[in-house]
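**Student:** Quick one, structure for this:
(one chain, ligands or ions: 2)
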Amino acid sequence: MTPQGSRAAETQIDAARDSRILALRQVHRAVAELRRGTPVLLNGPDACLVVAAAETVGALGLAELSDAAHAAPVLLLAPMRAAAVLQRPVPHAPEDEGAVALRLNPTLTEPEVLRSLADPTADRMLPEQPERVTAPPLAHAAIALAKLGRLLPALVAAPAGPVAAARMSLLAVDAADVIDYPATAATSLTRVADARVPLEGARDARVVAFRAADGGIEHLAILVGTPERTAVEGGAPLVRAHSECFTGDLLGSLRCDCGPQLRGAIARMAADPAGGVLLYLAQEGRGIGLVNKLRAYTLQDGGLDTLDANRALGYGADERNFLVAATMLRVLGVERVRLLTNNPDKINGLAACGIEVLGREAHAFDPNGVNDGYLRTKAARFGHLLPE
Ligand SMILES: Nc1nc2c(ncn2[C@@H]2O[C@H](COP(=O)(O)OP(=O)(O)OP(=O)(O)O)[C@@H](O)[C@H]2O)c(=O)[nH]1
Ligand SMILES: [Zn+2]
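**Tutor:** Ligands and ions are numbered 1, 2, ... in the order given. Model (predicted):
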């Protein structure tokens, strides 16, 4: 390649990197706006939609949304939540883009009523029964944006114009950037800190922190022994992809098996000559966030299991993204692994992201009298592999 050709290629790479950073920045800002009850404008190729999260919007945000809107707002709900609100199944309509729209008559636009429409743990008598209407374009991106903010996937939405939104100083974000965000953020992770942290039972442990270009919450890798050296020598260290669980890991909650799995993994790695990497992933509640996990617990106390509780909130059974774990392993130079897990999705998910899974070790702990049903559901409905 000529020097001019290589400079042109470099300029192209820089431009692509800058546009990824700008996209992440804008989506991250939009998430923060939704979380504080401010509307944002979603831009698509053929339409714009002004949206606000039903969970956080107040009178001011609703007024701003109406001022920017071209038509009356609707409420967008995930199909499972919509079926519960309408008290009937909602047949799938392809043009509805994975969201169900309900007409918002004035009695339904009180912030408290919107919150109860969004939240199955805050159900209350509605002043009137909402009616289903066709979902607007970009509804799926609106739901995706609320999920990125770990909010209930329920939004007030109306078609809008960019000029009106700009006049109101509302933040605008490309719908395509919202959809691409999880992958763009995961692949931008870099190593930002590395310290020796002797642990009980693993004195030679280190903690390495990873940050994505969006400035979001860091993910951590706990290195036990010398897994990087094992990898350089062609071996496969033990790896556990552990999603954070405030209640189980920190408080010792008996509702799940996370605490014993966390400490058990470190002990197991300390005993293995190849060492290990415990990825401590900021994916609380299988990716729905702590607040929604607490809501899911309330629903479970009402009789739902862990999978149906997620769905009742409008979330999928498991919202995690394995690209985060795969990128961290790649940065650490650990691309051949023996996985500590019972979850076949983790094996397939990491393999799909280019990590060579040479083996799997079961990582099961005895039920504790409280989490028995939870463990049974993981085996029966998530297909978790039980020890022989
Ligand atoms: N949404 C939801 N999340 C839960 C519940 N109980 C535990 N979790 C979360 O589930 C995650 C635990 O998953 P992992 O430890 O990665 O384990 P796993 O998917 O069960 O697979 P293993 O590798 O076999 O342990 C943590 O983020 C917990 O917060 C629940 O009832 N609802
Ligand atoms: Zn847990």
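
**Student:** What sits closest to Gly289 if chain neighbours are left out?
**Tutor:** Of all residues not flanking Gly289 in the chain, Arg150 sits nearest, at 2.9 Å (CB to CB, 6 or more residues apart in numbering). C-beta: built from backbone N, CA, C; applies to glycine.

**Student:** no no, Gly248
**Tutor:** Nearest to Gly248 is Cys258, by CB to CB, 6+ apart, at 3.1 Å.

**Student:** Now for the residue nearest to Gly289, how many residues are close by?
**Tutor:** Applying other CB atoms under 10 Å, we find 19 residues neighbouring Arg150.

**Student:** Using the three-state scheme, assign whatever residue of the stretch 51-200 of the chain ends up closest to ligand 2.
**Tutor:** Residue nearest to ligand 2 within the stretch 51-200 of the chain: Arg150 (16.1 Å; CB to the ion). Three-state assignment for Arg150 (DSSP: H, G, I helix; E, B strand; the rest coil): coil.

**Student:** ok now do the nearest residue to Asn105 once chain neighbours are set aside, which residues does it touch?
**Tutor:** Nearest residue to Asn105, sequence neighbours excluded (CB to CB, 6+ apart): Glu128, at 6.3 Å. By CB atoms under 8 Å, 6 or more residues apart in numbering, the residues touching Glu128 are 105, 107-108.

**Student:** Could you say which helix or strand holds the closest residue to Ala69 other than its chain neighbours?
**Tutor:** Excluding the flanking residues, the one nearest Ala69 by CB to CB, 6+ apart is Ala158, at 3.5 Å. According to DSSP states H and E, Ala158 maps onto strand 154-159.

**Student:** so what does that strand touch, helix or strand wise?
**Tutor:** strand 48-53, helix 59-68, strand 74-77, helix 111-118, helix 139-148 (3 or more CB pairs under 8 Å, 6 or more residues apart in numbering; DSSP states H and E).

**Student:** picking up where we left off before, let me have the contacts of Glu128 in TSV, adding neighbour count as columns.
**Tutor:** Formatted as TSV, those follow (neighbours: other CB atoms under 10 Å):
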residue	neighbour count
Asn105	13
Thr107	11
Leu108	19
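
**Student:** which ones among those are found in strands?
**Tutor:** Nothing among the contacts of Glu128 maps onto strands, per DSSP state E.

**Student:** just to revisit the earlier point, among the helices and strands packed on strand 154-159, which is nearest ligand 1?
**Tutor:** helix 139-148 (12.6 Å; CB to the nearest ligand atom).

**Student:** For the closest one, enumerate the helices and strands it packs against.
**Tutor:** helix 3-35, strand 40-43, strand 48-53, strand 74-77, strand 154-159, helix 175-187.

**Student:** mean pLDDT lowest for which of those?
**Tutor:** Comparing mean pLDDT over the helices and strands packed on helix 139-148, the weakest stretch is helix 3-35, at a mean of 87.

**Student:** Provide a list of residues in contact with the nearest residue to His92 once chain neighbours are set aside.
**Tutor:** Distances taken as CB to CB, 6+ apart place Pro79 nearest to His92, at 7.1 Å, with adjacent residues excluded. With contact set as CB under 8 Å, 6+ apart, Pro79 has these partners: 90, 92, 98-100.

**Student:** where does Pro79 fall, phi/psi-wise?
**Tutor:** Note on Pro79: its backbone torsions stand at phi -50, psi -40 [degrees, to the nearest 10].

**Student:** quick thing: my sequence starts at 19, can you match it?
**Tutor:** That works, and once the first residue is 19, the last one we named lands at Pro97.

**Student:** how near is it to Arg329?
**Tutor:** Taking CB to CB, to the nearest Å as the measure, Pro97 falls 9 Å from Arg329.

**Student:** what's the weakest-modelled helix or strand in this protein?
**Tutor:** helix 180-185 (a mean of 80; mean pLDDT, DSSP states H and E).

**Student:** other SSEs contacting the strand or helix carrying Ala239?
**Tutor:** Assessed by DSSP H and E, Ala239 sits inside strand 237-242. Contact partners of strand 237-242 among helices and strands, from 3+ CB pairs under 8 Å, 6+ apart: strand 224-229, helix 276-288, strand 294-299, helix 340-350.

**Student:** In the record's domain split, what are the boundaries for this structure?
**Tutor:** 21-200, 207-301+338-399 (automatic domain parsing).

**Student:** okay, the ones you listed in a markdown table with distance to Thr316 next?
**Tutor:** Shown next, in a markdown table, are these (distance: least, CB to CB, whole Å):
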| stretch | distance to Thr316 |
| --- | --- |
| domain 21-200 | 5 |
| domain 207-301+338-399 | 12 |
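
**Student:** Enumerate every residue touching Asn389.
**Tutor:** Contacts of Asn389 by CB under 8 Å, 6+ apart are 272-275.
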